[in-house]
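K.L.:
Any chance you could fold what I've pasted below:
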Amino acid sequence: MGTETSTEVTWTEPSATDNSGKLTVTSTHESGDSFYSGTTDVVYTAVDSGGNSVQCSFQIIILGYPQNVYARTDNVYIVGEDDKVITSNEVDCLIACIEESDFICQSVDYRDSLQECTLSRQDIGFEGITIETNSSFVHWNRLIDNTDPSVEGCPHDLTRSTNAGVNYTAVRWELPVFRDSSEIVSITRTHNSSDIFYIGSTDIIYTATDAFQNSATCKFTVTIEDTENPVLFNCPESIKYVIPDQNTMEETDQITWDPPSCTDNSYTYDLTSTKEPGSVFTKGVTTVTYTCRDDVNNIGTCEFTVLVKTIDELARIDVQIELANVAFSDALLDRQSEQFKALESDLIYLINGLYVDEDNFEDSVVNDFSSGSVIADVTLLYFNEIDEDQRRYYLDILLTQTTNGQLGGFKIGNISVEDNGEYVLVDACYTLPCPDDIVCQAAGLLCTAQCDNNPEYCLNDATCVSSGNLIECSCTSSDYYGIRCQIVDKWSHAEIAALTFGCFWAALLLVVLVLLIINKCNEYIQQPKRHSSTDSVVVEKSNYENKAYVVDPSAEIPDSMAVFDIDEDDIDIGGEDKNNSEDLDEEKNTYHYTGSVDDENKDEEISIILGSTEKVPSFSGSLAHSSLGSTNRIHSASGSTNRIHSVSGSSLHQSLSGASTSRAPLIA
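P.N.:
Residues are numbered from 1 along each chain as shown. Next up is the predicted model:
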C-alpha cells in the first residue's frame with residue numbers, strides 16, 4: 001500500500017569544455033526527476049576523446065515527515081505568541097505541533113541550543129504579528145492541508161460460497177492504494193486479505209489519515225453464501241407389510257423404523273417428515289419423506305415407501321410336505337392344540353429360514369396337517385407377483401434344501417405342489433423341466449434323459465448321443481441341421497424348378513417393359529413441337545427480302561404491324577383445289593420469325609412459307625396452331641383467291657366476313 005510521496009526537483013545543469021572539443025557528458029539524474037525523502041547524490045561526469053574525465057557532484061535533500069508539512073525560515077521568530085513551550089528535539093517539536101489538540105498549532109519557533117520548542121497559533125504572515133531576528137532560531141510555518149487523501153482500486157463487494165462441508169471460506173482481494181499531497185501517517189483496516197469469513201455479510205473498511213488529520217475510507221462488503229444442501233444418512237429401506245386376517249379395517253398396526261440423521265455445513269437445520277415412526281398405514285403404497293432444511297432454505301431429502309397389502313393379495317404357492325418321522329395324532333387336527341401350535345411353529349421357522357435371502361418372500365402359513373405319516377399343507381407367500389420361472393425357482397430352493405430328506409429335525413418324504421387344481425410331485429424334472437419332445441426321469445437333483453427312452457427324438461437318420469444329463473442329435477448328413485436334425489439344408493427338385501420358372505418369366509417381363517419404354521421415348525422424340533401460347537405476338541419485317549423476324553410478346557403493337565391473334569376457331573380452310581399441284585410449283589418467298597412465343601417453346605424457330613406473285617407481302621391475320629400439311633386456298637373478302645403454303649404444325653387462318661378489314665395475308 002503506497003503512502004510515501006515524491007517531489008519533483010529541477011536545477012540548472014552544469015556545462016563542460018575541453019581543448020579537444022569532443023566531450024561526452026553523463027549524469028546519474030536529470031533535472032525534473034522525482035525524489036523521495038532522504039539525501040540523493042547527483043553526479044555529472046565529462047569524458048573527452050582521450051579518456052580524460054572530470055566530475056561535478058551535489059546532493060538533493062528531501063525532508064520527510066514531519067519537515068515536509070512545514071515551510072522553514074531561518075534566523076527569525078514570533079514575539080509574544082507563545083501558546084505552549086516544551087523541551088524536545090526539532091523533529092519531536094514539529095510532531096507536537098501537528099498532534100496538538102488544545103488549539104490549532106500554526107507554527108513552531110525552535111532554538112536548537114536550548115532544545116526549546118515554542119508552539120503558536122499564529123504565523124509570521126498573520127496581521128499584527130511582531131517578528132524578531134535571531135540567528136539561534138528557526139521558524140517552521142505549518143502547511144495546512146484541507147484535502148482528504150484519494151483512494152484507488154477500492155474493491156467491489158465480494159460474494160463467495162463456503163468451502164465444502166464447512167461454514168466458512170478464505171477471501172482474497174487486491175489492496176486499495178491511498179495518495180495524498182502531504183504525508184499519509186496512518187492506515188487502519190478492519191480485516192486483512194485472505195482472512196476467514198463465515199456465512200453472512202461482513203463490512204471491510206480501510207481508513208487513511210494524513211498529517212493534517214484529513215482522512216479517506218475504502219469500504220466494501222464480503223458476503224459468504226451457503227449453497228450446500230444438507231445431507232441425510234441412514235435412510236430407511238422400503239417397508240412391506242401384510243395386514244393380518246383379523247384386521248378388518250384394512251389398516252396396519254403401528255409400523256416403526258429408525259429415522260435418518262441429518263448434517264449440514266451451517267450446523268443449523270430442521271428435520272421434518274411426512275410420517276413418524278409408530279404411524280398406522282392403510283392398504284396401498286405410502287411414500288414417507290424426510291426433509292432437512294437449513295437457515296437459507298437449502299434442503300436435502302430422503303424417501304422410502306411403505307407398501308401395505310392384505311394377505312389375499314399376496315402371490316402364493318401351495319405345497320404339501322411329507323414329514324416322514326412325525327407320528328400323526330388327532331391333536332394335529334385341532335389348530336388350538338399344543339401339538340398343532342408346536343409343530344406349526346417349528347415348521348414355519350425352518351421353511352422361512354430357507355428363504356431368508358429372498359426379498360420377495362413374505363411368510364409361510366401352515367393350513368393343516370393330515371395323516372399319511374404327517375402331511376403338512378403349507379402356503380408360501382410372496383409379496384409381489386411371481387411368474388412361472390420364479391415359481392419353479394422358489395420350489396427348487398425347497399427341493400434342494402430337503403433333497404437329503406432332512407429339514408431341521410424332520411425327515412422329508414415327497415413334496416407336492418398345487419398345479420392347475422391338482423397336486424403334482426416336485427422333483428428335478430419339475431423345477432428344471434425337460435426340453436420339449438424329450439422323455440426325462442428325475443435322479444436326485446438332476447433331470448436326466450437317455451437315448452433308449454427317446455428312440456424317435458433324432459430325425460433323418462441322425463444319431464442320438466448323451467450330453468451331460470441330457471441327449472443331443474448328431475446329424476449324419478450335411479443336408480440336415482437343427483437340434484433334432486430336422487431342418488433340410490438343400491433345394492428339392494420341385495423348388496429348383498419353381499425358382500427357374502419364376503426367374504424366366506421375371507426376365508421376360510423386364511424385357512417387355514424396357515421395349516415399351518424405348519418405343520414411347522421414340523414417339524415423343526419424333527412428335528412435332530407445337531406452340532401452346534394464346535398470347536398475341538408482333539412480327540416485324542426489315543425489308544422486302546427473305547429475313548428472320550424477331551418475335552417480342554411484350555412489345556406494343558404498332559399500327560403498321562400485323563397482329564396474329566392465336567385462336568384456332570378462326571382457322572378457315574377454303575377452296576376447292578387445296579391440293580392443286582400447280583400451286584406447289586409457284587415461286588415461294590419464305591419469311592422467318594423466331595422468338596419465345598411461350599415459356600414452353602423458347603427460342604423455337606417457326607418458318608411460314610407464303611405463296612406469292614409479288615415480293616412485298618401484306619400481313620393481316622393471326623398465327624394459330626394447326627396441323628395443315630397441304631396447300632390450302634383461302635378466299636379473301638374481295639373474292640380473289642390467295643394461296644398459302646404452310647409447314648406442318650403452323651398455319652395462317654382468317655375469320656372470313658365480307659366487310660371485315662382484317663384479312664388473310666393478301667398478295668396484291
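
K.L.:
which regions of this structure lie under the pLDDT threshold?
P.N.:
Residues of the chain that meet the criterion pLDDT under 70 lie in 1-5, 245-248, 490-493, 527-668.

K.L.:
just how off-centre is whichever helix in it runs longest within its chain?
P.N.:
Longest helix of the chain, by residue count under DSSP state H: helix 493-526. With C-alpha atoms, centre = their mean, to the nearest Å as the basis, helix 493-526 stands 56 Å off its chain's centre.

K.L.:
Buried residues in that helix, which are they?
P.N.:
Residues of helix 493-526 classed as buried by neighbour count (16 or more other C-beta atoms under 10 Å): none. Every residue, glycine included, has its C-beta placed from N, CA and C.

K.L.:
just stretch 367-375 next, same as before
P.N.:
So stretch 367-375, judged by 16+ other C-beta under 10 Å, has buried residues Phe369, Val374, Ile375.

K.L.:
got the contact list for Asp102?
P.N.:
Residues in contact with Asp102, defined by C-beta atoms under 8 Å, 6 or more residues apart in numbering, are Lys84.

K.L.:
Need phi/psi at it.
P.N.:
phi -80, psi -30 (degrees, to the nearest 10).

K.L.:
do you know how far it is from Lys84?
P.N.:
8 Å (C-beta to C-beta, to the nearest Å).

K.L.:
and what of Phe369?
P.N.:
For Phe369, the distance to Lys84 (C-beta to C-beta) stands at 120 Å.

K.L.:
do the same with Val222
P.N.:
Val222 sits 45 Å away from Lys84, going by C-beta to C-beta.

K.L.:
so Asn397 makes contact with Tyr355?
P.N.:
For the record, residue 397 is Ile, not Asn. Yes: checked against C-beta atoms under 8 Å, the pair Ile397 and Tyr355 is within contact range at 6.6 Å.

K.L.:
Specify the local secondary structure of the most centrally placed residue in the chain.
P.N.:
Geometric centre of the chain, nearest residue: Thr227, 22.8 Å, by C-alpha atoms, centre = their mean. At Thr227 the chain is in coil, as set by DSSP: H, G, I helix; E, B strand; the rest coil.

K.L.:
Return the distance of the helix or strand hosting Thr272 from the chain's centre.
P.N.:
Following DSSP states H and E, one finds Thr272 within strand 269-273. In terms of C-alpha atoms, centre = their mean, the centre of strand 269-273 is set 34 Å apart from its chain centre.

K.L.:
Report the inter-axis angle for the very next helix or strand once past that strand versus strand 269-273.
P.N.:
Going down the chain from strand 269-273, the next helix or strand is strand 284-294, by DSSP H and E. Interaxial angle, strand 284-294 versus strand 269-273 (axes from the mean of the first three to the mean of the last three C-alpha atoms, to 10 degrees): 170 degrees.

K.L.:
for strand 284-294, packing partners?
P.N.:
Judged by 3 or more C-beta pairs under 8 Å, 6 or more residues apart in numbering; DSSP states H and E, strand 284-294 is in contact with strand 231-233, strand 269-273, strand 299-310.

K.L.:
which of those sits most buried?
P.N.:
Compared across the helices and strands packed on strand 284-294, strand 299-310 shows the largest average neighbour count, a mean of 17 (mean count of other C-beta atoms under 10 Å).

K.L.:
Pairing partners for the one helix or strand Val242 maps to, with directions?
P.N.:
Using DSSP H and E, Val242 maps to strand 239-243. Using DSSP bridges, the strands paired with strand 239-243 in its sheet are strand 299-310 (parallel).

K.L.:
mind checking how far the strand it pairs with is from the chain centre?
P.N.:
The answer for strand 299-310 is 33 Å, by C-alpha atoms, centre = their mean.

K.L.:
what's the answer for stretch 87-95, then?
P.N.:
Taking C-alpha atoms, centre = their mean, the mean C-alpha location of stretch 87-95 is offset from the chain mean by 73 Å.

K.L.:
Can you mark which positions in it are buried?
P.N.:
So for stretch 87-95, counting by 16+ other C-beta under 10 Å, buried means Glu90, Cys93, Leu94, Ile95.

K.L.:
what's the answer for stretch 313-326, then?
P.N.:
Result for stretch 313-326 [16+ other C-beta under 10 Å]: buried residues Leu314, Ala315, Arg316, Ile317, Val319, Gln320, Ile321, Glu322, Leu323, Val326.

K.L.:
For the residues you listed, could you give me a markdown table that also reports secondary structure and distance to Asp157?
P.N.:
Formatted as a markdown table, the buried residues of stretch 313-326 follow (DSSP: H, G, I helix; E, B strand; the rest coil; distance: C-beta to C-beta, whole Å):
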| residue | secondary structure | distance to Asp157 |
| --- | --- | --- |
| Leu314 | coil | 64 |
| Ala315 | strand | 65 |
| Arg316 | strand | 69 |
| Ile317 | strand | 71 |
| Val319 | strand | 76 |
| Gln320 | strand | 81 |
| Ile321 | strand | 79 |
| Glu322 | strand | 84 |
| Leu323 | strand | 83 |
| Val326 | coil | 85 |
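
K.L.:
With distance to Gly413 as added columns, please give these in CSV.
P.N.:
Listed next are the buried residues of stretch 313-326 as CSV, based on distance: C-beta to C-beta, whole Å:
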residue, distance to Gly413
Leu314, 27
Ala315, 26
Arg316, 22
Ile317, 19
Val319, 13
Gln320, 10
Ile321, 8
Glu322, 3
Leu323, 8
Val326, 10
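
K.L.:
what helices or strands is the strand holding Thr272 leaning on?
P.N.:
So strand 269-273, by 3+ C-beta pairs under 8 Å, 6+ apart, packs with strand 284-294.

K.L.:
Identify the residues contacting the strand it packs on?
P.N.:
With C-beta under 8 Å, 6+ apart as the criterion, strand 284-294 contacts 226, 230-232, 235-236, 259-260, 262, 264, 266, 268-275, 299-308.

K.L.:
Show me the helices in the chain, by range?
P.N.:
90-99, 338-354, 388-401, 428-431, 493-526, 581-585.

K.L.:
Kindly reformat those helices as a markdown table containing distance to Phe126.
P.N.:
Formatted as a markdown table, those follow (distance: least, C-beta to C-beta, whole Å):
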| stretch | distance to Phe126 |
| --- | --- |
| helix 90-99 | 16 |
| helix 338-354 | 111 |
| helix 388-401 | 112 |
| helix 428-431 | 121 |
| helix 493-526 | 122 |
| helix 581-585 | 140 |
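
K.L.:
rewinding a little: could I get the helices and strands packed on strand 284-294 as TSV with distance to Leu508?
P.N.:
Output for those, formatted as TSV (distance: least, C-beta to C-beta, whole Å):
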stretch	distance to Leu508
strand 231-233	80
strand 269-273	83
strand 299-310	71
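
K.L.:
distance of Ser370 from Asp83?
P.N.:
127 Å.

K.L.:
same check, this time on Gln115
P.N.:
Taking C-beta to C-beta, one finds Gln115 at 18 Å from Asp83.
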